[in-house]
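Engineer: Whatever this is, show me its structure:
(chains A and B)
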Number of protein chains: 2
Amino acid sequence: MLNEKMLQLGTQRSVIRELFEFGKLRAAEIGAENVFDFSIGNPSVCAPESVTKTALKLLQEQNPVTLHGYTSAQGDATARTMIADSLNKRFQTNFTANNLYLTVGAAAALCCCFHGLGNPGDEFIVFAPYFPEYKVFIEGAGAKMVLIPADTEAFQIDFKTLESAITKKTKGVIVNSPNNPSGVVYSEETIKKLATLLKQKSEEYGEPIYLISDEPYREITFDGTVVPFLPHYYDNTLICYSWSKSLSLPGERMGYVLVPDCVQDARLVYSAIAGAGRSLGYVCAPSLFQHICAACANDTADISIYETNKNLLLKSLRQMGYHVVEPNGTFYMFPRTLIPDDIAFCEKAKDFNLLVVPGTGFGAPGHMRISYCVPTERIERSLSAFEALANFYR
Amino acid sequence: MLNEKMLQLGTQRSVIRELFEFGKLRAAEIGAENVFDFSIGNPSVCAPESVTKTALKLLQEQNPVTLHGYTSAQGDATARTMIADSLNKRFQTNFTANNLYLTVGAAAALCCCFHGLGNPGDEFIVFAPYFPEYKVFIEGAGAKMVLIPADTEAFQIDFKTLESAITKKTKGVIVNSPNNPSGVVYSEETIKKLATLLKQKSEEYGEPIYLISDEPYREITFDGTVVPFLPHYYDNTLICYSWSKSLSLPGERMGYVLVPDCVQDARLVYSAIAGAGRSLGYVCAPSLFQHICAACANDTADISIYETNKNLLLKSLRQMGYHVVEPNGTFYMFPRTLIPDDIAFCEKAKDFNLLVVPGTGFGAPGHMRISYCVPTERIERSLSAFEALANFYR
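Structural biologist: Residues are numbered from 1 along each chain as shown, chains lettered A, B, ... in the order given. Alright, predicted model coming up:
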């Protein structure tokens, strides 16, 4: 008998995958240019030139034995120092290499946190709408995900429900701001209230409640929106980062966990995370890209297209009567569907060759996720389809 | 409370790491050239030129969005086809892309197998001497490692003990040939006996017992030794491979699980492994190196130095009176220590500036592992130290 849970995870076909397959079939029928695929969160802009330049330079000048060799499990010390320096410059902090544990992307960073912190029966709180793999990762660590329903007015936090959900079993709270799928950034007010509540509850239960910040979209913000840097607000913060989106390197799997010194028993927390990495088979993060991401830590891809796309799509959808909370970042928005049944709505959208993802999978029925990491021209051409879809329900 | 097990894994300092630190201190005192460090299994030869050339070409010619983008979870289809073709050419097989699941190195491949196949209470059998992380990975999957003591005469398999260790709880048997730490390759006779026994026991218990072959050293063999290709001998074989040693890319974390069609319920097994990869946070193997390893799948680094080193060291140690089973591959040998207490022996060796790893950690006390992936000149200069150490015990 195979492991049933793993078998299920391996055979479940994701909604996004199904859409992708549908899109391919449809493209063969009516031409790719007539299928408006907004289903996938794959960056559509090139990695910055500095990435390619750094890669070429390293490959041409460095000794391959060192360049491609094992680094220490937590990552190359020089690379970690460069990344810490970049954070210090941007956030007025004093991190060193010792605060950083480099990981094979943000998914690995999250898994290391859940496995390192969690004991059987522990709970991690997640806010809808949420990235659905959180559940897979949390349950993989033998812990339980507790979901707080979405604040559908502003996609901030419903504090009343949160407060009642925190118990002595609560090991951590996961935030993802800028958020996939809503695109919303938690305001400073939200963060301050969250910090106050978590401090109070940690004291009440006599154990730290960790704030785990999953922030691969940190650099992708609009109209100068500032994303509060959470360690400034709450001591027991762990940051899970990835260069997938900011440097457009999703396939290269480079990220980190940041464990600030202000975390209670910071060195032990760091060790537990490293122990989890070891147990999960993560020997080290890919060595060439450790050096590349460290060298390019102050750069981003040309992410301005995401704001162009957001502005065009937001204005147009609102004019058509769609209700959309304005995204402050990422390359997603999360409008309400025009009928409560988001799955039926997204199915109907396919008749208009619009591929959008039902909100149900993100824990927020009655919405759809639109990924606008696409050529602007695709958005322009899709507008009549969104209009026709709206007309269908009028 | 943190997860105690992960904390322990993260704080345990490995024997090899301790030796490494000692070596650094000693080098500062007496000069690096006078410290004979044989503790680390890091390839000492460059990746082949084809790796650098392929990397440069891809970086210069390919669209970065595709090159660094997510691949499907099982790996890029073209890359998998190229790897399957390389295997087919070398082993007269008919694999396709569908038989390969690309992983973040062999450690990830093993973890995906243990998590995908294992249920709580299941047992995986391991033969001493063994790579100690097997225990960490197996226990991480909630299963139990059952250790078969070493056949210290030839480092083949003690079949009597194996037979009595197989029960209805046995989910799999792990082999690692060429072997770390002994360097020995299992003979065809051993493989045939193993296959016969596993077939018989699988039938007896009505469930397949998987043969999990961890073979990162497959290409590093001496004197034309042939490593039997296990799917030719046993249907329920899963191969865990890595390019760490053959292409000298240990830091880049590229490997695969091969699930041949002859495995019972092969597609389900493949799905369970993929589900485990998902649960553990492995989104995909690093994309650039998927393409590089696929393009260089028929190449190896210049591994001839390992044979030169083996010959020199084997002859010299035997002349000094050390008992050494001749390695057929890898870059390790595993001589008997001159006293039964291998830990005391390796501690004493440090007085002669010889850094070798006690066999106890590999499940075979009374031995030491010598990693000869070092410049040949280091071996030449170390011989008088090995001699002095032997004299001390004479």
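
Engineer: Around A:Ile30, how many other residues sit close by?
Structural biologist: 11 (other C-beta atoms under 10 Å in any protein chain shown). Backbone N, C-alpha and C define where each C-beta goes, glycine included.

Engineer: Can you read off the pLDDT for it?
Structural biologist: If you check A:Ile30, the pLDDT there is 94.

Engineer: Give me the spatial nearest neighbour of the residue in the stretch 101-250 of chain A positioned nearest to chain B, chain neighbours excluded.
Structural biologist: Proximity of the stretch 101-250 of chain A to chain B (C-beta to the nearest C-beta) peaks at A:Cys111, 3.5 Å away. Using C-beta to C-beta, 6 or more residues apart in numbering or on different chains and skipping the chain neighbours, the partner closest in space to A:Cys111 is B:Gly281 (3.5 Å).

Engineer: in which helix or strand would I find the residue of the stretch 101-250 of chain A closest to chain B?
Structural biologist: A:Cys111 belongs to helix A:105-117 when elements are defined using DSSP states H and E.

Engineer: Contacts only, for the residue of the stretch 101-250 of chain A closest to chain B.
Structural biologist: A:137, A:140-141, A:276, A:280, B:280-281 (C-beta atoms under 8 Å, 6 or more residues apart in numbering or on different chains).

Engineer: let's go with 10 Å and repeat that
Structural biologist: When contacts are counted by C-beta atoms under 10 Å, 6 or more residues apart in numbering or on different chains, A:Cys111 is found next to A:103-105, A:133, A:136-138, A:140-141, A:240, A:273, A:276-277, A:280, A:282, B:279-282.

Engineer: What's the mean pLDDT across stretch A:141-153?
Structural biologist: 97.

Engineer: Likewise for stretch A:54-64?
Structural biologist: 97.

Engineer: for it, which positions count as buried?
Structural biologist: For stretch A:54-64, burial by neighbour count (16 or more other C-beta atoms under 10 Å in any protein chain shown) applies to A:54-55, A:58-59, A:64.

Engineer: mind listing the helices for chain A?
Structural biologist: Using DSSP state H, the helices found in chain A span residues A:4-11, A:15-30, A:49-61, A:64-67, A:77-91, A:105-117, A:133-140, A:159-165, A:188-205, A:266-279, A:287-295, A:304-320, A:342-351, A:376-393.

Engineer: Tell me which of these sits nearest to B:Phe20.
Structural biologist: Closest approach to B:Phe20 among those (C-beta to C-beta): helix A:77-91, 13.8 Å.

Engineer: Quick check: buried residues in stretch A:155-166?
Structural biologist: For stretch A:155-166, a neighbour-count test (16+ other C-beta under 10 Å) marks A:155-158, A:162, A:166 as buried.

Engineer: Over to stretch A:173-193?
Structural biologist: A:173-187, A:190-191, A:193.

Engineer: Check stretch A:143-154 too.
Structural biologist: Neighbour-count burial for stretch A:143-154, counted by 16+ other C-beta under 10 Å, picks out A:143-146, A:148, A:150-152.

Engineer: of those residues, list those near chain B.
Structural biologist: A:Ala143 (C-beta under 10 Å from any C-beta of the partner chain).

Engineer: Serialize the buried residues of stretch A:143-154 to a markdown table and add fields for distance to B:Glu18.
Structural biologist: Listed next are these as a markdown table, based on distance: C-beta to C-beta, whole Å:
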| residue | distance to B:Glu18 |
| --- | --- |
| A:Ala143 | 33 |
| A:Lys144 | 39 |
| A:Met145 | 40 |
| A:Val146 | 42 |
| A:Ile148 | 46 |
| A:Ala150 | 51 |
| A:Asp151 | 52 |
| A:Thr152 | 56 |
